[in-house]
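> Next input, structure requested:
(one chain, ligands or ions: 1)
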Amino acid sequence: MNIVRTPSTLEKLNLVGDTTAFEPAGDTPVAEVRRKPSPAELPCITQVATPRGPKSVMKSMMTTACERNCYYCPFRAGRGKTPRVTFKPDEMASAFDGLQRQGAVDGLFLSSGIIKGSVMAQDKILDTVEIVRKRYDYQGYVHLKVMPGAEYDQLRRAMELADRISINLEGPTDARLQALAPKKDFTVELLQRLAWAHELRSQGLRASSVTQFVVGAVGETDLELLSLTEKLHRQMSLARAYYSAFHPVVDTPFENLTPTLPTRELRLYQASFLLRDYGWNVEELQFEGEGNLRLDLDPKRAWAESQLRHQPIDLMRADRGELMRVPGIGPKGADSIIRARRKARLTDLGQLRKLGIRAPEQAAPYILLEGGRPPEQLRLF
Ligand code: SF4
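So this is what the prediction gives:
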C-alpha cells in the first residue's frame, strides 16, 4: 500500500523555493536576484536592503497555483512543471514566526498566485499578516503584493499592516501588458490601485508603493518604461520601480524568446535614480534611435559626454544641481564640495577624494579646476 505523507510546512517552503526571485523585495534587486542562498539556508530566505536597513527576509507565496495565464510566468495556469503548493494563513504565519524567533529572518515578503479570484487571494495574504502582527506581535518589516483587481478596502488594510506594497504593472502601456499578460487590465486592475495607494497615503497611511516591469519580452522601449516611471514618481508618489530582465521559462509561451541582457536592467535602474533622486526629466536622458538607452555607458555619463565634454563646469562656481550632473558626484559629494569651497580653493582631484568622492577621475573630463581640466590620473605623491 502506498502511504502518501503530507509535507511539513518547512518542506512546502522548500518546494516553493526562491520562486519569488522575479519579485524583488528590497532596494537592491540586481544583487538580490543574483545571490544564491547558502546550503544551510532555506531558499525562501533572501538578504535584502529594505527601507528599515539590511535584513534577512522570508519571501514566499500563499499559493503557487494560478488561474491566470501570463505568458512569462512559471506559475501560469496549465504549466505542468510547476509544483503547486498552497498554505493556509495560520500555517504561513506560524512558519514565519518560527523562523523569526530563531533569528533566521527579520522581514516578510508575501505574494500569491490567484485562485478563485483576486479578492480571495488578497484576503489570504491579509489574513496571514493579521496573524503575524496581532497573534505573534511582530512589528518588523512586511512587504505585501497587491493582487491585480484587489478592492479598495483590501488595499487600505494592506497599507495599514505593511511597510511597503507592490502593485506590479509588468508593462509600460495597456498594449504591452496585453502582450505579456492577456488576463490583466492595465488601467482598471493596476494603475487604479497605484492611484488609490497615493490617495491613501495622502490620508495618513505610511506604506510606500513599488511596481515592477518585465523588461525585454514584448518590444517595449526604455523610453516607454522611464516615461511611465517618471509619471508614477511625480503623480502617484511611487517609491521605487523595479525592472526585471526577461528570462524565458520552459513550458511557457515565451520559452523560445531571447533573454534580456542584464546590462539593460542596470541602465534602467541608473536612469530611474536620475529621475527619482537627481531631479532629471525623462527628456534629458540620451536615447538611441529606437528609444533605448545606450548599453555601453551609464546614462549620466552619456549625458555628460554630449553636454559637458566640450563645456566643462567650473567646480568653484557651479550650483548644487550642476555639480550633481557630473559623473562621480552625487548629492553628498555636491554638498561636500559646496562646503569645502567656502573655506579654500579646490585645485586638484586629490582634494575631491578627501571630500568623500570615491572616484574623482570619473569627473575629470567634465570639470574645470583653476580654469583648466584636471589630469585624469591622480598624482600618487
Ligand atoms: S497572475 Fe501572477 S502568478 Fe498568476 S500567472 Fe500572472 S504573474 Fe503568474
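
> which stretch of helix or strand covers the nearest residue to L205 once chain neighbours are set aside?
Distance criterion CB to CB, 6 or more residues apart in numbering; nearest residue to L205, sequence neighbours excluded, is M159 at 4.4 Å. For the C-beta atoms, the positions are set from N, CA and C on the backbone; glycine is no exception. Taking DSSP states H and E as the definition, one finds M159 inside helix 152-161.

> cool, and D90?
Per DSSP H and E: D90 is located in helix 89-102.

> Name the residues of that helix that are buried.
With burial defined by 16 or more other CB atoms under 10 Å, the residues of helix 89-102 counted as buried are 89, 91-97, 99-100.

> Is A239 in contact with A207, as I believe?
No: judged on CB atoms under 8 Å, A239 makes no contact with A207 at a distance of 9.4 Å.

> Next up, the contacts around W303.
Applying CB atoms under 8 Å, 6 or more residues apart in numbering to W303 gives the contacts 284-286, 325.

> returning to what we had before: what's the overlap in contacts for A239 and A207?
With CB under 8 Å, 6+ apart, A239 and A207 have common neighbours R164.

> Compare those two (neighbour count), which wins?
It is A207, of A239 and A207, that has more neighbours when counted by other CB atoms under 10 Å, with 21 against 16.

> Could you check how far that one is from the ligand?
21 Å (CB to the nearest ligand atom, to the nearest Å).

> Now L200: which helix or strand?
The secondary structure element spanning L200 is helix 192-202 (assigned by DSSP H and E).

> Check which element follows that helix along the chain.
Per DSSP H and E, helix 192-202 leads on to strand 208-215 as the next helix or strand towards the C-terminus.

> helices and strands around that following strand, which ones?
With contacts defined as 3 or more CB pairs under 8 Å, 6 or more residues apart in numbering; DSSP states H and E, strand 208-215 has these neighbours: strand 164-166, helix 192-202, helix 222-235, strand 238-245, helix 262-277.

> Let me know which of these is tucked in deepest.
Among the helices and strands packed on strand 208-215, judged by mean count of other CB atoms under 10 Å, the one packed with the most neighbours on average is strand 164-166 (a mean of 24).

> Nearest the geometric middle of this protein, what residue?
Y242 (3.1 Å; CA atoms, centre = their mean).

> what pLDDT does it get?
The predicted local confidence for Y242 comes out at a pLDDT of 94.

> same thing with Q192?
pLDDT, Q192: 98.

> Kindly calculate the angle that the helix or strand harbouring L15 makes with helix 89-102.
Counting by DSSP H and E, the secondary-structure element that holds L15 is helix 9-16. Counting by axes from the mean of the first three to the mean of the last three CA atoms, to 10 degrees, helix 9-16 lies at 100 degrees to helix 89-102.

> if we can go back for a sec, out of the buried residues of helix 89-102, which one sits closest to the ligand?
When the buried residues of helix 89-102 are compared for distance to the ligand (CB to the nearest ligand atom), M92 wins out at 16.4 Å.

> What distance do you get for the closest one to C73?
Using CB to CB, to the nearest Å, M92 is found at 21 Å from C73.

> CA atoms of stretch 131-139 as CSV?
Taking Å, rounded to 0.1, in the frame of the first residue of the first chain, the C-alpha atoms of stretch 131-139 are listed here in CSV:
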residue,chain,number,x,y,z
ILE,A,131,-2.0,36.9,12.4
VAL,A,132,1.7,37.8,12.1
ARG,A,133,1.0,41.3,13.5
LYS,A,134,-1.6,40.5,16.1
ARG,A,135,-1.1,37.0,17.4
TYR,A,136,2.6,36.9,17.1
ASP,A,137,3.0,40.7,17.8
TYR,A,138,5.6,41.1,15.0
GLN,A,139,6.4,44.8,14.4
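
> How about it, which residues are buried there?
Residues 131-133, 138 are the ones in stretch 131-139 that count as buried (16+ other CB under 10 Å).

> count of neighbours near the residue nearest to L205?
For M159, which is what you asked about, the neighbour count (other CB under 10 Å) is 23.

> so it makes contact with A207?
Yes: in this structure, M159 is within contact of A207 by CB under 8 Å, at 4.0 Å.

> Which neighbours do these two have in common?
Both M159 and A207 are contacted by 165, 197, 201, under the criterion CB under 8 Å, 6+ apart.

> Perfect, that will be all.
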